[in-house]
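Engineer: for reference, the sequence and a predicted model appear below.
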Amino acid sequence: MMNFVVKTIANAGALAVAVWLLDKITLTGDSTGKKVGTLIIVALLFGLVNFLVKPVVKLLSLPLLILTLGLFTLVVNALMLLLTSWLADTLDLSFHVEGFWTAVLGGLIISVVSWALHVVLPDRD
């Protein structure tokens, strides 16, 4: 259970950095508490999308992943971020990613920050 909480916090932190760095990834809210709550819910959605959908997409795009030596993973990450944005809009959460190239850059930022936070944060079950 602790590992799940740590990964969710790391994803929320990575999403917060992407929101902070990129103008076209937006998070709106009346107060800081609402923004933090929205980030945690979006981090849970992002984790769920990465757990359920991403393996299927990677399997179906395996020839492209091999052909591009793994660089197509950037496109897969962008699609997962766009799907998370769409789900957040559907659930009436104030998180939005505008455009594919913003999603590519956001996915790259989220991957790097999430990796760095996983290195720093404890990894216990």
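Structural biologist: Sure thing, it's come through.
Engineer: C-alpha from now on. contacts and neighbour counts both.
Structural biologist: Will do.
Engineer: residue 70: which element?
Structural biologist: Assigned by DSSP states H and E, residue 70 falls within no helix or strand.
Engineer: ok, it to residue 28 distance?
Structural biologist: 34 Å (C-alpha to C-alpha, to the nearest Å).
Engineer: likewise for residue 69?
Structural biologist: In terms of C-alpha to C-alpha, residue 69 sits 37 Å off from residue 28.
Engineer: more neighbours, the two?
Structural biologist: residue 28 (13 against 10; other C-alpha atoms under 10 Å).
Engineer: contacting residues around the more buried one?
Structural biologist: By C-alpha atoms under 8 Å, 6 or more residues apart in numbering, the contact set of residue 28 is 35, 94-95.
Engineer: now do the strands in the protein.
Structural biologist: Using DSSP state E, the strands of the chain run over 25-27, 95-97.
Engineer: partner strands of the last one, with direction?
Structural biologist: Using DSSP bridges, the strands paired with strand 95-97 are strand 25-27 (antiparallel).
Engineer: could you list the single helix or strand in the chain with the lowest mean pLDDT?
Structural biologist: helix 2-21 (a mean of 90; mean pLDDT, DSSP states H and E).
Engineer: helices or strands up against that one?
Structural biologist: strand 25-27, helix 32-52, helix 100-120 (3 or more C-alpha pairs under 8 Å, 6 or more residues apart in numbering; DSSP states H and E).
Engineer: next one: the residue in the chain sticking out farthest from the centre relative to residue 84, how far apart?
Structural biologist: Centroid-distance maximum for the chain: residue 67 at 24.8 Å, with C-alpha atoms, centre = their mean. The gap separating residue 67 from residue 84 is 27 Å, by C-alpha to C-alpha.
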